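J.: Structure for this input, please:
(chains A and B)
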Amino acid sequence: MKAINLIKIAWKALLRNKTRAFLTMLGIIIGVASVIAMLAIGEGSKSSIKTQISSMGSNMIFVQPGSDNRGGVRQDRSSSQTLTLEDLDILREKSTLLSDISPQVNGNGQAIYAANNWPTSIYGVSPEYLVIRKLEIADGVMFTEKDVQRAAKVAVIGQTIVENVFPDTDPIGKTIRLDKMPLRVVGVLEEKGENSFGQDQDDLILSPYTTVQKRILAITHLQSITASALSEEVSEDAVEEMTQILRDSHELSANEEDDFNVRSQQELLSTMSSTSDMLTVLLVAIASISLLVGGIGIMNIMYVSVTERTREIGLRMAVGGRGLDILVQFLIESILISFTGGVIGVALGLGSTFFVSDYMKWPTLVTPESIILSFAVCVVTGVFFGWYPARKAAKLDPIVALRFE
Amino acid sequence: MNYPIIKIQDLKREFRMGNETVRALKGISFEVQQGEFVTIMGTSGSGKSTLLNVLGCLDQPTDGTFEIDQVSVKERSKNDLAAIRNQKIGFIFQSYNLLPRTTALENVELPLMYNGEVSQKERRARAVKALEMVGLSDRLHHTPSQLSGGQQQRVAIARALVNEPVVILADEATGNLDTRTSYEVMSLFQDLNDQGKTIIFVTHEPDIAAFSKRTITLKDGHIVGDNPVPKIANARKMLAMLPVEAD
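T.: Okay, the predicted model is just below:
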């Protein structure tokens, strides 16, 4: 018995019951399509989180003051003053894995120009901050190192400030007031939109950190340090290195805790990805259940089919079909159902993925693995659920089968 | 040279039903030569169905010998039996047993599908030839539901011929047909027999047995009669004598 004959026999048998074959397939089609679509949505949201986080800056590393311990009493983090300009200088000098580094001091206030005002935040930074945060100047210039040294009263403002405070005026060269502090606007930032936490990344004023420290907050310490590692690969090493440098600089003994926190963007990324990974697993689990239900559907129909076609099986045996031929025929029938269902399911899955990303604007990403996986699963389903009915058919006694009513 | 196509000696078939042993065939012997047209007669319970199953290699004897085309059928595996059925036997059933929604041609091709040595081209050619022999060359692509009972049975006969068997086994082949169509089918059997086909026909209708050349009568698992038919009826002439029905 040639394999090709068996496939032909099975295919013809399926074509005799087109509607039923299609309805049986439907379970598999829906299962495969939903596995593919769910994986695409899961992978898509993961990769969009990744893009968003990396758009926040290039291989960023954040240093924040940590628990300050004054005579055994732990202090609130915001009040701690463990990060200083000396730390910044030592990091600049000693670190080998950083490309850029900027201090940061933040303040809040009401931005006022003419009759308009807007509550916003002011970030006191160094000019490198632009590179670290991947910010672009849309108009004007960034303030310079010289401005930092002189604690110049200059500012670079985000688009939200432009919209709300300078609705009809070109802000460049104008003097904006933050509460009582007048600042000359030298540049306007390119729009950046919301970040993945829904925070408006354009609602900010950048000024030299010296200006914010001395003229607004009246402090000498730093609230945080933001840096860029040379590359994504070395970012974890850079965290280690910075921690060591800072520990040395703070003269902490081996059994003392860090009085600061160094975290990388990578860490943030993996935290966020693990959340979306879990979501993907959940979605796929649900989709897999529908694939399983589809498989049971195949088993059910194959069972009915074997009973209904008992005489046909008897006849096939009478004209020379061996038990194995019958087994293989029914097995091929169920594999053909699941295989064809798989093909249609992949097409439908890709189609619905396309629909979701195109009309609903959800981020999606179809990976070849997801297609191969769901396809393999559905063929295995065909064999698995087709086996028992096929064996039942093969074990029939032709004498009984031929007289079956 | 002539040799017996079927050679049966002291054949017994017993079934175990719980604690009881049912002896369906109690030791029968006969031979069928090539070119014979034999009818096996008997009432229900006479053992003729059991005998037919054994002759058709669907079942194996408990005791005794059975040779078909000089091949012994005893203690054979199921796969061996399937191969013997495929190559040496042509089955015809009372209820035709055609595959529904499948063309006459494909139905006839079926036995050859289980014979790996026959190519697709040869399979098609032999099926067409077999359908021509039964006079259905204009119905190749009709499905059973588009054919009359007589035509369906002729497709089944073509299916039994297509593997060029040494013997054709017919089980009440006219049981579902009206008189006129039975005569048509019987005349086809007589034609095939004239062409040298060996036919064994199982029936309980004496008037059908009259078309064969020899009648074996079974009763309670024994052969009670094995005689040549004294006056063989000619199915074609009988058909001509039937009153024409007004349709």
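J.: how far does the lengthiest helix in chain B sit from the chain's center?
T.: Assignment by DSSP state H gives helix B:179-194 as the longest helix of chain B. Relative to its parent chain, helix B:179-194 has a centroid offset of 13 Å by C-alpha atoms, centre = their mean, to the nearest Å.
J.: List the buried residues of it.
T.: Buried residues in helix B:179-194, counted by 16 or more other C-beta atoms under 10 Å in any protein chain shown: B:181-190, B:192-193. Just so you know, the C-beta spots here come from the backbone N, C-alpha and C atoms, and that holds for glycine as well.
J.: Output that helix as CSV, nothing but the C-alphas.
T.: Provided in CSV are the C-alpha atoms of helix B:179-194 (Å, rounded to 0.1, in the frame of the first residue of the first chain):
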residue,chain,number,x,y,z
THR,B,179,-37.4,-9.7,-10.7
ARG,B,180,-36.6,-7.8,-13.9
THR,B,181,-33.4,-6.4,-12.5
SER,B,182,-32.4,-9.7,-10.9
TYR,B,183,-32.7,-11.3,-14.3
GLU,B,184,-30.6,-8.6,-15.8
VAL,B,185,-27.9,-9.1,-13.1
MET,B,186,-28.1,-12.9,-13.5
SER,B,187,-27.7,-12.6,-17.3
LEU,B,188,-24.6,-10.5,-16.6
PHE,B,189,-23.3,-13.3,-14.3
GLN,B,190,-24.0,-15.9,-17.0
ASP,B,191,-22.1,-13.8,-19.5
LEU,B,192,-19.1,-13.5,-17.1
ASN,B,193,-19.2,-17.2,-16.5
ASP,B,194,-19.2,-17.8,-20.2
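J.: so what secondary structure elements neighbour it?
T.: Counting contacts by 3 or more C-beta pairs under 8 Å, 6 or more residues apart in numbering or on different chains; DSSP states H and E, helix B:179-194 is packed against strand B:37-41, helix B:149-161, strand B:199-203, helix B:235-241.
J.: can I get the ones you listed in JSON lines with mean pLDDT?
T.: Listed next are the helices and strands packed on helix B:179-194 as JSON lines, based on pLDDT from 0 to 100:
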{"stretch": "strand B:37-41", "mean pLDDT": "94"}
{"stretch": "helix B:149-161", "mean pLDDT": "94"}
{"stretch": "strand B:199-203", "mean pLDDT": "93"}
{"stretch": "helix B:235-241", "mean pLDDT": "88"}
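J.: Which of these sits closest to A:E267?
T.: helix B:149-161 (74.2 Å; C-beta to C-beta).
J.: Specify which member of the buried residues of helix B:179-194 is nearest to chain A.
T.: Checking the buried residues of helix B:179-194 against chain A by C-beta to the nearest C-beta gives B:L192 as the nearest, at 17.9 Å.
J.: show me the contacts for the closest one.
T.: Contact analysis of B:L192 by C-beta atoms under 8 Å, 6 or more residues apart in numbering or on different chains lists B:133, B:157, B:161, B:168, B:199.
J.: In a strand, the fourth one, correct?
T.: To tie it back to what came earlier, the one meant is B:I168. Yes - with DSSP: H, G, I helix; E, B strand; the rest coil as the criterion, B:I168 is part of a strand.
J.: Can you name the helix or strand that the closest residue to it other than its chain neighbours falls in?
T.: Spatial nearest neighbour of B:I168, chain neighbours left out: B:G90 (4.3 Å); criterion: C-beta to C-beta, 6 or more residues apart in numbering or on different chains. Assigned by DSSP states H and E, B:G90 falls within strand B:89-92.
J.: Go ahead and measure how far the next helix or strand after that strand is from the middle of the chain.
T.: Note on strand B:89-92: by DSSP H and E, the next helix or strand toward the C-terminus is helix B:104-113. When C-alpha coordinates are averaged (C-alpha atoms, centre = their mean), helix B:104-113 and its chain have centres 17 Å apart.
J.: any residue of helix B:104-113 up close to chain A?
T.: Yes - counting by C-beta under 8 Å from any C-beta of the partner chain, chain A has neighbours in helix B:104-113: B:106, B:110-111, B:113.
J.: Mind telling me the two of these farthest from one another?
T.: Largest pairwise distance in these, by C-beta to C-beta, is 11.6 Å, between B:E106 and B:P111.
J.: what about whichever residue of the stretch 201-350 of chain A sits closest to chain B, how many neighbours?
T.: Closest approach between the stretch 201-350 of chain A and chain B, counting by C-beta to the nearest C-beta: A:G320, at 2.4 Å. Per other C-beta atoms under 10 Å in any protein chain shown, the neighbour tally for A:G320 reads 25.
J.: Make sure it is actually in contact with B:K88.
T.: No - taking contacts as C-beta atoms under 8 Å, A:G320 lies outside contact range of B:K88: 9.7 Å.
J.: which stretches of chain B aren't confidently modelled?
T.: B:1-2, B:245-247 (pLDDT under 70).
J.: Next, the buried residues of stretch A:163-170.
T.: Quick answer for stretch A:163-170 (16+ other C-beta under 10 Å): A:164-166.
J.: Now residue 56: closest residue in space that isn't a chain neighbour?
T.: Since you didn't name a chain, this refers to chain A. That would be A:N195: by C-beta to C-beta, 6+ apart, it lies 5.9 Å from A:M56.
J.: Actually, chain B is the one I wanted.
T.: Closest to B:G56 by C-beta to C-beta, 6+ apart is B:L169, at 5.2 Å.
J.: was I right about that neighbour contacting B:L55?
T.: Yes - the criterion here is C-beta under 8 Å, and B:L169 meets it with B:L55 at 5.9 Å.
J.: Name the residue in these two with the higher neighbour count.
T.: Neighbours per residue (other C-beta under 10 Å) separate B:L169 from B:L55, with B:L169 holding more: 27 against 22.
J.: measure the more buried one to A:V383 for me?
T.: Going from B:L169 to A:V383 by C-beta to C-beta, to the nearest Å gives 37 Å.
J.: What of A:A394?
T.: 15 Å.
J.: Which of the two has more residues huddled nearby?
T.: Just comparing A:A394 and A:V383: by other C-beta under 10 Å the higher neighbour count belongs to A:A394, 21 against 14.
J.: which residues sit in contact with that one?
T.: A:323-324, A:326-327, A:330.
J.: Swap in 10 Å and give it another go.
T.: Residues near A:A394 by C-beta atoms under 10 Å, 6 or more residues apart in numbering or on different chains: A:306, A:313, A:317, A:321-331.
J.: Point to the residue nearest the middle of chain B.
T.: A centroid search over chain B (C-alpha atoms, centre = their mean) returns B:L169, at 1.8 Å, as the residue closest to the centre.
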